[in-house]
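S.K.: predicted model follows, preceded by the sequence.
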Amino acid sequence: MKKTVFVTAIGSFSAAAVIGRYKEEGYRVLGCDIYPAEWIVASGEVDCFYRAPMATDKPAYHEFLRKVCEENQVDFVVPLTDVEVDALQEWRQEAEKLGVTLCISGRDTIGLCRDKGSLEHFLAPLKVCRTIPGESLLTVMEREADSSYELLQYPLIIKPRAGRSSQGLMRIKDSYQMRFAAEWCRDRAADFLVQPEISGIVITVDVVRDPKTETVVSLPRREYLRTPNGAGTSVYVFEDKRLQDQCSDIARALQICGCVNFEFVEKAEGQWYFLECNPRFSGGVAFSCMAGYDMPGNHLRCFTGQEIEPLGKISGQYLVKRYQEHRMETRGTRT
């Protein structure tokens with residue numbers, strides 16, 4: 001009997017690569033999204049599509065998960081967005097009762113990854129990578145208000161501690177902008193971080209760690225063109241042993257399970273500053289698949305007890321995402 005994988009948020013950039021690999025490997029694949037099937041190309045690529053409630057409405061989302069998993073005897077749930085990873089954190093006990101494996105890292109790992117301030121404080125003493133020091137906006141406001149922020153070194157970045165996809169990020173170039181930002185964030189200043197802005201090229205690294213063998217495979221890419229939400233559309237995939245070794249050290253320190261993505265800023269060649277870990281597939285995971293490594297398939301291996309595959313020889317290559325129109329057929333959506 002085929003095992004069933006339930007992939008969420010299939011309107012995401014990573015959906016086609018993930019669904020395609022699981023279908024090729026013989027899984028029955030279900031999918032869901034908050035939008036109707038007629039709006040989502042990938043709805044026609046899964047065995048059954050469901051329209052989901054917003055994951056931020058956790059009671060409704062958890063009940064939706066329970067219903068779909070019970071009706072379809074789901075074996076694995078693979079979330080594609082941060083908000084769904086967050087919602088699944090609180091559904092672990094129910095998933096275990098249903099015999100469903102959540103294909104995400106452990107609770108403590110995800111909690112650390114979702115708090116950018118705590119993550120930097122965790123990694124900095126380990127000296128496994130260059131980190132960008134940050135402090136609470138509230139602390140900066142209390143210390144610098146008397147000087148009207150004139151003594152700060154600009155440019156700065158202000159971003160939510162638990163932000164995702166560059167949402168809420170502000171680039172601050174002078175004291176005037178700092179005063180405006182501080183006033184705008186005043187009631188929730190403790191939820192924001194202030195960091196020096198490091199200029200350079202963003203490097204995204206798809207990373208998969210097998211917790212059973214401690215094997216880590218990583219594949220970096222420079223992202224030359226990106227969407228406003230931070231998804232690369234024109235990239236250069238390459239190998240660099242020093243960077244990949246750093247990623248292995250970070251993945252082991254964080255106790256990553258399966259595939260996640262790290263982001264760095266490359267200030268100069270070979271000089272990388274760690275930005276964040278997104279505890280799910282990157283939007284550009286298909287680039288890694290095209291370059292020669294099956295990230296989605298090896299992600300699932302980490303939850304089925306199989307060892308992940310080694311990384312073969314990867315040649316440096318430019319890859320570009322192409323958008324294409326698609327005519328949708330009207331069909332029913334299951335809810």
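M.R.: It's in. Numbering: from 1, shown residues only.
S.K.: strands of the stretch 51-200 of the chain, start to end?
M.R.: 76-78, 101-102, 130-131, 135-136, 156-160, 170-172, 192-196 (DSSP state E, counting those that start in this stretch).
S.K.: any idea which of these is most buried?
M.R.: strand 76-78 (a mean of 24; mean count of other CB atoms under 10 Å). To be clear about C-beta, it is placed using only N, CA and C from the backbone, and glycine gets the same treatment.
S.K.: what does that strand contact?
M.R.: 3-8, 18, 22, 65, 69, 88, 95, 100-103, 299-300, 303 (CB atoms under 8 Å, 6 or more residues apart in numbering).
S.K.: make it 7 Å
M.R.: Strand 76-78 has contacts (CB atoms under 7 Å, 6 or more residues apart in numbering) with Val5, Phe6, Val7, Val18, Leu88, Val100, Thr101, Leu102, Cys103, Leu300, Phe303.
S.K.: stretch 229-242 now?
M.R.: The contact list for stretch 229-242 (CB under 7 Å, 6+ apart) reads 13, 165-166, 204, 219-227, 270, 283-284, 287, 291, 314, 316-321.
S.K.: again, but for stretch 245-262
M.R.: Against stretch 245-262 from outside (CB under 7 Å, 6+ apart): 103, 105-106, 109, 112-113, 123, 126, 128-129, 204-209, 211, 214, 216, 218, 274, 277-282, 295, 298-299, 302-303.
S.K.: before we move on, back to that, list buried residues within the contacts of stretch 229-242.
M.R.: 13, 165, 204, 219-223, 226, 283-284, 287, 291, 319, 321 (16 or more other CB atoms under 10 Å).
S.K.: show me how to select, in PyMOL, the buried members of the contacts of strand 76-78.
M.R.: Command for PyMOL that selects the buried part of the contacts of strand 76-78, burial taken from 16+ other CB under 10 Å:
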select buried, resi 5+6+7+18+88+100+101+102+103+300+303
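S.K.: max pairwise distance over the contacts of strand 76-78: which two?
M.R.: Spanning the widest gap among these are Val18 and Val100, at 17.3 Å by CB to CB.
S.K.: tell me the predicted confidence for the residue most central in space within the chain.
M.R.: Among the residues of the chain, the one closest to the centroid is Asn278, at 3.1 Å (CA atoms, centre = their mean). Looking at Asn278, its pLDDT stands at 95.
S.K.: tell me the bridge partners for it.
M.R.: Asn261 (DSSP bridges).
S.K.: could you pull out the helices for the protein?
M.R.: Using DSSP state H, the helices of the chain run over 15-24, 58-72, 82-89, 92-98, 107-113, 116-123, 137-144, 175-184, 241-254, 285-291, 295-304.
S.K.: dump those to a markdown table, plus mean pLDDT and distance to Pro36.
M.R.: Converted to a markdown table, the helices of the chain look like this (pLDDT from 0 to 100; distance: least, CB to CB, whole Å):
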| stretch | mean pLDDT | distance to Pro36 |
| --- | --- | --- |
| helix 15-24 | 97 | 16 |
| helix 58-72 | 97 | 15 |
| helix 82-89 | 95 | 18 |
| helix 92-98 | 96 | 26 |
| helix 107-113 | 95 | 30 |
| helix 116-123 | 95 | 34 |
| helix 137-144 | 94 | 39 |
| helix 175-184 | 94 | 35 |
| helix 241-254 | 98 | 37 |
| helix 285-291 | 97 | 24 |
| helix 295-304 | 97 | 25 |
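S.K.: out of those, which gets nearest to Glu197?
M.R.: helix 175-184 (12.0 Å).
S.K.: what is the orientation angle of the closest one with helix 137-144?
M.R.: Interaxial angle, helix 175-184 versus helix 137-144 (axes from the mean of the first three to the mean of the last three CA atoms, to 10 degrees): 120 degrees.
S.K.: not counting helix 175-184 itself, show me its contacts.
M.R.: Under CB under 7 Å, 6+ apart, the answer for helix 175-184 is Leu137, Met141, Ser148, Tyr149, Glu150, Leu152, Ile158, Met170, Ile172.
S.K.: let me see the contact set for the fifth one.
M.R.: Applying CB under 7 Å, 6+ apart, one finds that Glu150 lies in contact with Ser175.
S.K.: swap in Gly26?
M.R.: Contacts of Gly26 (CB under 7 Å, 6+ apart): Lys2.
S.K.: report pLDDT for the residue nearest to Leu225 when sequence neighbours are not counted.
M.R.: On the basis of CB to CB, 6 or more residues apart in numbering, the spatially nearest residue to Leu225 that is not a chain neighbour turns out to be Ser234, at 3.9 Å. Model confidence at Ser234, given as pLDDT, is 96.
S.K.: and for Thr330?
M.R.: 66.
S.K.: cool, Val29 as well?
M.R.: 98.
S.K.: wait, what's in contact with the residue nearest to the centre of the chain?
M.R.: Contacts of Asn278 (CB under 7 Å, 6+ apart): Asp82, Val260, Asn261.
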